[in-house]
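> kindly generate the corresponding structure for this input.
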Amino acid sequence: MNINNRLKPNTEFIIYRPMHAGADYMTSLNELYLPLIGPKASMVYIYMFESTEHHEPLAIRFHKEFMDALSISLSDLMEMIRKLEGIGLLKSHVSNNAHEDLFVYELLLPLSPAVFFKDPMLSMYLYGKVGNAQYKIRKERLVYPALPENITEVTAKFTEVFNPNNDPAFTLPKENFKQEAVSAGVNVDLDDFDFEVLFTHLKGTIIDRKYFTKEVRMLIVKLSVLFNLNAYDMKNILLKVTSNYHGIDTAKLKYEARKYFQMESKQVSPVLEAPGGENTGEGRSDSDAGYIRMLNETNPIDRLRDLRHGMPTDIDLKLVTDIIVNTTLSHGVVNILLEYVYLKMEGELPYNYTMTIAKDWMEKGYQHPDEAIAAIKERDAQQEKRKRRFIPSERQGEKAPKWMSKKQDAPAVQKQTKKEKPDKTSGTVKKTAKDDPELQKMIEEFRKNR
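Residues are numbered from 1 along each chain as shown. Reported below is the predicted structural model:
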């Protein structure tokens, strides 16, 4: 559902929930969906589900109820609803009646673990969020053993036990009863991928259009969204998983898509630039707001890829996932934390050390990068007083962010000034790093491309 001007705190809504949710569905929500949509969206879903117990079916309510009960703004509420829609836990409808602003939210039950782990997009997305170790742990917790082998079913049939009464006056009921409305998975459709372009690329190959059933097409859509694959990428993958006898092997398609993504990702070293244009020289300090905005708008995984100059390790992904899931820190604060620890520990991101700082910042309520930067400066100032001043080493390709270098420039200049005394014979001062045009050029190039 798109946020529009019609939606206000006093806009009416109805929750459509024709089913009950057992403990198994709540387990799926907590174990499988929570890492994907976050605690706030999960809270909105649970509130929608449980609040219907205190109202008549299809009771008309107001959006202000969400805002008051959950202490969130209207824009945040709409963002959480969009997450629930995208992940397949909610369908939103709007009234077509003129002069009536009414939304109908149709709740859908989470997928069972068996269906969830067979969904390529959801299972791979979960894997990327929690990492290999947590993915295996969650899967093992939800696995149930298969029936023993070498057994024969001897269950009695209905007609062997009961004698139904054939009353001619009986008719089947036509009413709409309570029933389970289960999620169909992530909310994507066939229009999200250009199959005509794909078919153009496939001309002259052994891959026929008849192989593209609705199930195969939907799988291609999900894989293209998950791994950011275009039609040409998909053609290269399909050539490896298609035969004249069996058509498109969906299991191989999932494997080759993941393999293709990993291979391509190793060749890419994304460089994130602060929006707002380029500034040079001393005017660079005016772009602080742009740099902070970049931190807030950048996904921590992408920032980690930038720091690593490539794909993060499984341990890195687990660390970032745990910070996002287990704390309330914003993306900007998480990115500052990653930069600080990465430089302080000379390219390492120790799990326990980083999580300790993250939890400390969460307890102190830091939500803006400026607060995190101030905390880091205070932390380093205290370490200097204890004769344990931190000076990050800059290896090739590794540069300190501007917010960190600023506080270190002053002591360095002071120390250098003490050593520099006018030459008594010539009356000149020895040149410093600031007077070296080549060094300044390197610094400015780094600042432009950061």
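> okay, CA-based contacts and neighbour counts for the rest of this
Fine.
> what strand or helix carries Asp370?
helix 369-385 (DSSP states H and E).
> mean confidence for that helix?
Average pLDDT, helix 369-385: 80.
> skipping its backbone neighbours, what lies nearest Leu89 in space?
Sequence neighbours aside, Leu108 is the residue nearest to Leu89 in space, at 4.8 Å (criterion: C-alpha to C-alpha, 6 or more residues apart in numbering).
> now do Ser123
In this structure, Ser123 finds its nearest non-sequential neighbour in Phe117, 5.1 Å apart by C-alpha to C-alpha, 6+ apart.
> also Met121?
Nearest residue to Met121 in three dimensions, chain neighbours excluded: Lys222, at 5.6 Å (C-alpha to C-alpha, 6+ apart).
> relative to Asn97, how far out is the one you found?
35 Å (C-alpha to C-alpha, to the nearest Å).
> quick one, which of these two is more surrounded?
Per other C-alpha atoms under 10 Å, whichever of Lys222 and Asn97 has more neighbours is Lys222, with 24 against 8.
> hang on, that one is in a strand, isn't it?
No - Lys222 sits outside any strand when classified using DSSP: H, G, I helix; E, B strand; the rest coil, being helix.
> and it, what does it touch?
Pro120, Met121, Val188 (C-alpha atoms under 8 Å, 6 or more residues apart in numbering).
> got a quick ChimeraX command for the buried subset of those?
In ChimeraX syntax, the buried subset of the contacts of Lys222 is picked out as below (16 or more other C-alpha atoms under 10 Å):
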select :120,121
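> just the contacts of Lys222: which has the poorest pLDDT?
Lowest pLDDT of the contacts of Lys222: Val188, 70.
> which one among the contacts of Lys222 gets closest to Thr298?
Nearest to Thr298 among those: Met121, at 22.4 Å, using C-alpha to C-alpha.
> which other helices and strands contact the helix or strand the closest one falls within?
Assigning secondary structure by DSSP H and E places Met121 in helix 120-142. Judged by 3 or more C-alpha pairs under 8 Å, 6 or more residues apart in numbering; DSSP states H and E, helix 120-142 is in contact with helix 34-51, helix 113-118, helix 214-227, helix 314-326.
> C-terminal to the one helix or strand Lys254 maps to, what's the next element?
Element membership for Lys254, per DSSP H and E: helix 250-266. Later in the chain than helix 250-266, the nearest helix or strand by DSSP H and E is helix 288-297.
> avg pLDDT for that next one?
For helix 288-297, the mean per-residue pLDDT is 72.
> how about stretch 148-160?
When pLDDT is averaged over stretch 148-160, the result is 85.
> again, but for stretch 304-314
On average, stretch 304-314 scores 76.
> show me how far that stretch is from its chain's centre.
Stretch 304-314 sits 16 Å away from the centroid of its parent chain (C-alpha atoms, centre = their mean, to the nearest Å).
> next, work out how far apart Pro39 and Ser112 are.
Taking C-alpha to C-alpha, one finds Pro39 at 20 Å from Ser112.
> do the same with Lys240
Distance, Lys240 to Ser112, using C-alpha to C-alpha: 32 Å.
> about what we covered before: distance from the chain centre to the helix holding Asp370, please.
Distance, centroid of helix 369-385 to centroid of chain: 29 Å (C-alpha atoms, centre = their mean).
> quick one: Phe13 is in a strand?
Yes - applying three-state DSSP, one finds Phe13 inside a strand.
> buried residues, stretch 207-214. List them.
Those would be Ile207, Tyr211, for stretch 207-214 by 16+ other C-alpha under 10 Å.
> and for stretch 219-239?
Applying 16+ other C-alpha under 10 Å to stretch 219-239 flags 219-224, 226-227, 229, 231, 234-235, 237-238 as buried.
> looking at the residues you listed, which is nearest Glu153?
For the buried residues of stretch 219-239, the residue nearest Glu153 by C-alpha to C-alpha is Leu219; the value is 35.2 Å.
> just for this structure, where's the confidence low?
Under the criterion pLDDT under 70, the flagged ranges of the chain are 1-6, 21, 98-99, 166-187, 262, 265-290, 325, 386-450.
> that one - how does it break down into domains?
Here the domain assignment for the chain is 12-110, 190-266, 281-412, based on automatic domain parsing.
> gap between the longest one and the chain center?
Going back to what we said before, that points to domain 281-412. On C-alpha atoms, centre = their mean, the centre of domain 281-412 falls 19 Å from that of its chain.
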